[in-house]
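Participant: can't give you the sequence, but here's the structure:
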């Protein structure tokens with residue numbers, strides 16, 4: 001059986017490295033995107049088993065925009081989207097989480113927290 005491939009959208013190198021390492025050590029394959037714009041380019045090219053996206057990314061495409069794009073172009077992937085946020089008290093972030101009902105992991109988080117959500121939403125690695 002093939003590895004599950006997860007697209008991770010995160011602009012902070014340390015957070016990207018943490019998430020990538022956690023996922024790969026648990027058997028997932030990771031494709032990284034530093035911006036929402038790059039994530040959309042990658043999503044136009046192929047589908048992923050899951051998407052983990054920071055709520056706030058540089059370049060004009062944030063987590064809410066990514067969710068909206070998936071809703072329009074790859075609605076089957078909406079159920080496989082997980083947000084990462086360090087800004088849950090922000091009204092805009094809270095409204096997006098409420099509107100989308102997407103699962104999220106709040107920064108800072110532990111490896112086990114992340115993997116538990118990924119296994120529940122994306123499925124186990126193999």
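Facilitator: In hand now; what should we look at? Just so we're clear, the structure is a prediction, and the values are computed from it rather than from any experiment. Numbering: from 1, shown residues only.
Participant: Quick one: list the elements packing against the least confident helix or strand in the chain by mean pLDDT.
Facilitator: In the chain, no helix or strand scores lower on mean pLDDT, DSSP states H and E than helix 91-100, which sits at a mean of 91. Under the contact criterion of 3 or more CB pairs under 8 Å, 6 or more residues apart in numbering; DSSP states H and E, helix 91-100 touches helix 63-73, strand 81-85. Any C-beta I mention is one placed from the backbone N, CA and C, and that applies to glycine too.
Participant: Could you pull out the buried residues of it?
Facilitator: Going by neighbour count (16 or more other CB atoms under 10 Å), the buried part of helix 91-100 is 93, 96, 97, 100.
Participant: Stretch 35-47 now?
Facilitator: Residues 35, 36, 37, 38, 39, 40, 43 are the ones in stretch 35-47 that count as buried (16+ other CB under 10 Å).
Participant: for the most centrally placed residue in the chain, what are its contacts?
Facilitator: Nearest residue to the geometric centre of the chain (CA atoms, centre = their mean): residue 52, 1.1 Å. Counting by CB atoms under 8 Å, 6 or more residues apart in numbering, residue 52 makes contact with 6, 7, 8, 9, 10, 19, 81, 82, 83, 84, 118.
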